[in-house]
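In: sequence and predicted model, in that order:
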Amino acid sequence: MSVWGLYCIWNTDFLMPHIGGDNGFSALKNALSSYPQSGPEVMSRGIHYYYLVQIGYRVETTLYLMLANNEPKYYEYLMHHLMAVHCTIFSYETGMFPAGMQVLICHDLSDCVVQIARFYIDYKHKTSMIE
């Protein structure tokens, strides 16, 4: 999803340089200067759909965690997932999507690393993955 998010904000003036933007640190000023930025006239269709998919993904992972209940740190994970849902919806509803998009993209990139690490930990003791 990170690639899709980057595509949605690639030619905007609020893309931070550490994500791939070329506006330097004025991008942070541009991301926060015209708060609140809400409404369909300001938000592109791609950003709107990206937020909806992100909210759906975060709600799904929260519900999965609540129903599976097999994590050793259940309450910490639950609080983490509930706060992620809240922050994503709050960013969308208050019009802070320029800053919110960058946070979502950074978290998507770290989620890839976490999933690879979990895969390795879960399957490192198995001799064969194909039986």
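Out: Noted; the coordinates are in hand. What you are looking at is a predicted structure, and each value in this text was computed from that prediction instead of being measured. Residues are numbered from 1 along each chain as shown.
In: show me what contacts the residue nearest to the spatial centre of the chain?
Out: Taking C-alpha atoms, centre = their mean, the centroid of the chain lies closest to Leu104, which sits 2.7 Å from it. For Leu104, the contact set (C-beta atoms under 8 Å, 6 or more residues apart in numbering) comprises 5, 50-51, 54, 88. All C-beta spots, glycine's among them, are computed from the backbone N, C-alpha and C.
In: give me the distance from the helix or strand hosting Gln102 to the chain's centre.
Out: For Gln102, the host element (DSSP states H and E) is helix 97-123. On the basis of C-alpha atoms, centre = their mean, to the nearest Å, helix 97-123 sits 8 Å off its chain's mean C-alpha point.
In: from here on, count from 666
Out: Okay, residue one is now 666; in that scheme the one you just asked about reads as helix 762-788.
In: pLDDT below threshold where in this protein?
Out: Counting by pLDDT under 70, the chain contains low-confidence ranges at 678, 681-707, 790-796.
In: where along this protein do the helices fall?
Out: In the chain, the helices defined using DSSP state H lie at 667-674, 691-698, 710-733, 739-759, 762-788.
In: let's have these in CSV, adding distance to Leu680.
Out: Compiled in CSV, the helices of the chain are given as follows (distance: least, C-beta to C-beta, whole Å):
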stretch, distance to Leu680
helix 667-674, 5
helix 691-698, 6
helix 710-733, 12
helix 739-759, 16
helix 762-788, 7
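In: can you give me the neighbour number for Val779?
Out: Neighbour count for Val779, taken as other C-beta atoms under 10 Å: 10.
In: also Thr753?
Out: Thr753: 21 neighbours (other C-beta under 10 Å).
In: what does Met766 give?
Out: 25.
In: that one reaches Ile712, doesn't it?
Out: Yes - using C-beta atoms under 8 Å, Met766 makes contact with Ile712 at a distance of 6.4 Å.
In: shared neighbours, these two?
Out: Contacts common to Met766 and Ile712, judged by C-beta under 8 Å, 6+ apart, are 673-674.
In: please give me every residue in contact with Tyr722.
Out: Neighbours of Tyr722 in contact, by C-beta under 8 Å, 6+ apart: Met666.
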